[in-house]
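Student: Fold the following for me, if possible:
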Amino acid sequence: MLFYIRCVDKPGHLHVRKANRDAHLAYVKEGYADKIVAAGPTLDPDLEGMNGSVFIIDLEDMTAAETMTANDPYAKAGLFESVVIRPFKKVF
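Tutor: This next block holds a predicted model:
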């Protein structure tokens with residue numbers, strides 16, 4: 001089942017994102033690379049800084065999506081202000 005996952009960073013926490021980026025990328029690559037349809041950071045309006053993350057990912061169920069997000073090094077470091085997980089239907 002596809003899920004849309006939108007994580008919004010806490011304001012002023014770019015340093016937390018940068019400090020945990022390598023661990024985040026390793027976590028995603030090692031555990032979820034074959035399940036990702038699309039993923040990447042969202043950007044500030046000036047395109048200079050990152051302010052969140054988006055995943056379109058194929059997982060078994062909502063519990064798997066919640067587990068994936070909760071165990072992300074970014075989440076464990078307290079980076080996210082909010083996380084939204086929704087079932088997603090690919091049309092195009």
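Student: Could you use CA atoms for every contact and neighbour count after this?
Tutor: Fine.
Student: Quick one: neighbours of Lys89, just the number.
Tutor: Residues near Lys89, counting by other Cα atoms under 10 Å, number 11.
Student: cool, and Ala33?
Tutor: Neighbourhood size, Ala33 [other Cα under 10 Å]: 15.
Student: Quick check: it is in a helix.
Tutor: Yes: assessed by DSSP: H, G, I helix; E, B strand; the rest coil, Ala33 belongs to a helix.
Student: Show me the strands in this protein, by range?
Tutor: Under the criterion DSSP state E, the chain contains strands at 2-9, 36-43, 50-58, 80-87.
Student: Let me have these in TSV, extended by mean neighbour count, mean pLDDT and distance to Asn20.
Tutor: Listed next are those as TSV, based on neighbours: other Cα atoms under 10 Å; pLDDT from 0 to 100; distance: least, Cα to Cα, whole Å:
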stretch	mean neighbour count	mean pLDDT	distance to Asn20
strand 2-9	21	98	13
strand 36-43	14	96	13
strand 50-58	20	97	13
strand 80-87	15	98	12
